[in-house]
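Novice: Using only what follows, build the 3D model:
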Amino acid sequence: QVQLVDSGGGSVQAGWSLRLSCAASGNRNCRYEMMWYRQSPGKERAFVSRINSDGSTSYADSVKGRFTISQDNAKNTLWLQMNNLKPEDTAMYYCKSRGSFLCSYNVYWGQGTQVTVSS
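Specialist: Numbers count the residues shown, from 1 in each chain. Modelled structure (predicted):
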């Protein structure tokens, strides 16, 4: 089992920055890959960024160059640094973990944290 607690959201103006956090606990084999997703009203949940077990990262085209994903050495905290925020970044942001084969590739989600960007 894995517990993910998202925090750090808020209401900001365009061009500002926010740093989201995801506190992770539980079976480390179930936290093999860590990701951020977001969901805007009326839209499907969409991929934002991923950090793999080897530390490599990937980003959605819409956030490349503005967002940075990272985690602490113990892999207990995942962050998403969001710079130069735009109104279209407004969404509920969710932390997601995916386990290795040792965790049956199970997927877990945080409860989400709201980001609102005004123009």
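Novice: which residues touch F101?
Specialist: With contact set as Cβ atoms under 8 Å, 6 or more residues apart in numbering, F101 has no partners. Using the backbone N, CA and C atoms, a C-beta is placed for each residue, glycine as well.
Novice: any idea how far it is from Q71?
Specialist: With distances taken as Cβ to Cβ, to the nearest Å, F101 is found 21 Å from Q71.
Novice: contact partners of stretch 43-52?
Specialist: Against stretch 43-52 from outside (Cβ under 8 Å, 6+ apart): 33-39, 57-60, 63, 67, 69-71, 78, 80, 93-94.
Novice: Endpoints of that stretch, how far apart?
Specialist: 26 Å (Cα to Cα, to the nearest Å).
Novice: buried set for that stretch?
Specialist: The neighbour-count check on stretch 43-52 (16 or more other Cβ atoms under 10 Å) flags 48-51 as buried.
Novice: same question, stretch 65-74
Specialist: 67, 69, 71.
Novice: Dump the residues you listed into TSV; add pLDDT, secondary structure and distance to S119 as well.
Specialist: Formatted as TSV, the buried residues of stretch 65-74 follow (pLDDT from 0 to 100; DSSP: H, G, I helix; E, B strand; the rest coil; distance: Cβ to Cβ, whole Å):
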residue	pLDDT	secondary structure	distance to S119
F67	98	strand	19
I69	98	strand	25
Q71	94	strand	31
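Novice: Tell me which residue is most central in this protein.
Specialist: Nearest residue to the geometric centre of the chain (Cα atoms, centre = their mean): W36, 2.4 Å.
Novice: pLDDT value on it, please?
Specialist: With respect to pLDDT, W36 scores 98.
Novice: Confirm it sits in a helix?
Specialist: No - going by DSSP: H, G, I helix; E, B strand; the rest coil, the assignment for W36 is strand, not a helix.
Novice: so what's it up against?
Specialist: Per Cβ under 8 Å, 6+ apart, neighbours of W36: 20, 22, 48-50, 69, 78, 80, 93-96.
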